[in-house]
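Chemist: coordinates for the following, if possible.
(one chain, ligands or ions: 3)
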Amino acid sequence: MKQLQDKVMQEGLVLSNQVLKVDSFLNHQMDPVLMYEVGKEFVRRYAGEKITKVLTIESSGIAPGVMAALELNVPLIFARKQKSLTLRDDIIVEKIYSFTKQESNEVTVSKKYLSADDRVLIIDDFLANGEAASGLARIVEQVGATVVGFGIVIEKSFQPGRSMLLDAGYRVESLVRVASLQDGKVSFVEEEQE
Ligand code: G4P
Ligand code: NA
Ligand code: NA
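Modeler: Residues are numbered from 1 along each chain as shown. Ligands and ions are numbered 1, 2, ... in the order given. I've put the predicted structure just below:
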């Protein structure tokens, strides 16, 4: 998505060979006009898939997620992160490990909001190692619902998340694919067409 790639070029800060900071439009301040375009682009890519729910994880997935849900006219669910849980039978729980933060969170969704006949689009702001993405897929599959695919705002293609999800048989649509952050510079994966 050209508009988003331009925004990353203009406003993205390369913090290291691994980390891209996009606090001006995605992770702190948000650009709602751009996020609406992001939401509409996910919906275009998944046209015809009869999506019934959008699922993301708090907090930065919520903005792109809600815009996709708005365009689809379906609910957005955001999974919650909690440190540790007392046993409850009304929630779906998965453990997600973050390499960036070196900690595990228990991520939960109420059983009220997902059922076996749901067709779910999973949205997130970043795809890195794929831990969050695959944890969200496990939540969907725990209730017997269908993962239609993933919609990622920024994919770091030099990290293993994308290939892990593709190897598991999922569809992955990333609006920007970062090939490298070497030498303080963002370079993108060359794609056939936009
Ligand atoms: P993974 O889920 O793909 O395995 O990634 P990882 O554990 O490394 O990601 C942990 C957090 O860091 C996630 O946000 C993820 O979106 C974010 N993240 C990963 N790589 C980058 C990066 O290069 N730049 C930025 N800005 N964020 C990155 P989170 O902890 O869930 O936080 P939130 O912002 O959604 O609240
Ligand atoms: Na995130
Ligand atoms: Na984040």
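
Chemist: can you pull out the strands in the protein?
Modeler: Counting by DSSP state E, the chain has strands at residues 13-14, 20-21, 53-57, 76-82, 91-98, 103-110, 119-127, 146-156, 172-180, 187-188.

Chemist: what's the closest of the ones you listed to ligand 2?
Modeler: Taking Cβ to the ion, strand 119-127 is the member of those nearest to ligand 2, at 4.6 Å. Any C-beta I mention is one placed from the backbone N, CA and C, and that applies to glycine too.

Chemist: so that closest one versus strand 76-82, what angle?
Modeler: Angle, strand 119-127 to strand 76-82, by axes from the mean of the first three to the mean of the last three Cα atoms, to 10 degrees: 60 degrees.

Chemist: strand 119-127: partners in the sheet, and parallel or antiparallel?
Modeler: Pairing partners of strand 119-127, with direction, according to DSSP bridges: strand 53-57 (parallel), strand 146-156 (parallel).

Chemist: quick check: Lys81 touching Gly61?
Modeler: No - if you go by Cβ atoms under 8 Å, Lys81 and Gly61 don't touch, sitting 11.2 Å apart.

Chemist: more neighbours, these two?
Modeler: Using other Cβ atoms under 10 Å, the more surrounded residue of Lys81 and Gly61 is Gly61, with 26 against 17.

Chemist: returning to what we had before: any chance of the strands paired with strand 119-127 in a markdown table, plus distance to Asp117?
Modeler: Shown next, in a markdown table, are those (distance: least, Cβ to Cβ, whole Å):
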| stretch | distance to Asp117 |
| --- | --- |
| strand 53-57 | 10 |
| strand 146-156 | 9 |
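
Chemist: just the buried residues of stretch 20-30, please?
Modeler: 20, 22, 25-27, 30 (16 or more other Cβ atoms under 10 Å).

Chemist: can it be said to contact ligand 2?
Modeler: No - for stretch 20-30, no contact with ligand 2 is found by Cβ under 5 Å from the ion; the gap never falls below 8.3 Å.

Chemist: pull the residues that contact stretch 167-178.
Modeler: Residues outside stretch 167-178 that contact it (Cβ atoms under 8 Å, 6 or more residues apart in numbering) are 1, 4-5, 8, 20, 38, 41-42, 45-46, 127, 134, 137, 147-158, 162, 165-166, 186-189, 191.

Chemist: switch the cut-off to 6 Å
Modeler: Stretch 167-178 has contacts (Cβ atoms under 6 Å, 6 or more residues apart in numbering) with 1, 4-5, 8, 41, 45, 149-157, 162, 165, 189.

Chemist: tell me which of the strands paired with strand 119-127 sits most buried.
Modeler: Ranked by mean neighbour count, these are led by strand 53-57 with a mean of 26 (mean count of other Cβ atoms under 10 Å).

Chemist: fine by me, thanks again.
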